[in-house]
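S.K.: starting from these lines, generate the structure:
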Amino acid sequence: MFELDLRSRTPIYEQLVDKLIELIVSGVMVPDEQLPSVRTLAAQLTINPNTIQKAYRELETKGYIYSIKGKGSFVNASNLMQDENKLKEAWRKLEKLISEALFLGIKPEDIIELVEKLKEQKGGTS
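M.R.: Numbering: from 1, shown residues only. The predicted structure is shown next:
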């Protein structure tokens, strides 16, 4: 499903959260799709189940997944995630990344081109 960098300074649970968010946002994982169980994913990635549980808790707190006791964790429908705090956080992160990209010498036209390309891939409008 994905790979984690065990030598990275970023904690494993944060890497897992980021990867799962990426899969959800990109549409690879669809609403109401069941996530692998904590034990299964821990065995596949050979990491502690508590790490998986912490990542799942974080995703649930952020509204990307929901849990049903005795059944597991599932991808939340994107229309339920339209929370103002999440949008503000996304804008804050986007501003930071764009500022950093501009500082590193990426041209504004290249950033705009990337946004247009992503919009086409996602089937976005306007």
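S.K.: residues making contact with the helix or strand bottoming out on mean pLDDT in the chain?
M.R.: Lowest by mean pLDDT, DSSP states H and E among the helices and strands of the chain is helix 84-103, with a mean of 86. Among residues not part of helix 84-103, those counted as contacts by C-beta atoms under 8 Å, 6 or more residues apart in numbering are 62-63, 108, 111. For the C-beta atoms, the positions are set from N, CA and C on the backbone; glycine is no exception.
S.K.: how about a cut-off of 10 Å?
M.R.: By C-beta atoms under 10 Å, 6 or more residues apart in numbering, the residues outside helix 84-103 that reach it are 25, 62-64, 81, 83, 106-108, 110-111, 114-115.
S.K.: farthest pair within the residues you listed?
M.R.: Greatest spatial distance among the contacts of helix 84-103 (C-beta to C-beta): 63 and 107, at 34.6 Å.
S.K.: among the contacts of helix 84-103, which ones are buried?
M.R.: For the contacts of helix 84-103, a burial check counting by 16 or more other C-beta atoms under 10 Å picks out 62, 64.
S.K.: from residue 90, how far off is residue 118?
M.R.: As judged by C-beta to C-beta, to the nearest Å, residue 118 and residue 90 stand 14 Å apart.
S.K.: I'd like the contacts of helix 84-103 laid out as TSV, including pLDDT, secondary structure and distance to residue 70.
M.R.: As requested, those are exported to TSV (pLDDT from 0 to 100; DSSP: H, G, I helix; E, B strand; the rest coil; distance: C-beta to C-beta, whole Å):
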residue	pLDDT	secondary structure	distance to residue 70
25	82	helix	28
62	88	helix	23
63	88	coil	22
64	91	coil	21
81	52	helix	24
83	63	coil	27
106	93	coil	48
107	94	coil	53
108	93	helix	51
110	94	helix	49
111	92	helix	46
114	92	helix	43
115	91	helix	42
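S.K.: what's the closest of the contacts of helix 84-103 to residue 73?
M.R.: residue 64 (9.8 Å).
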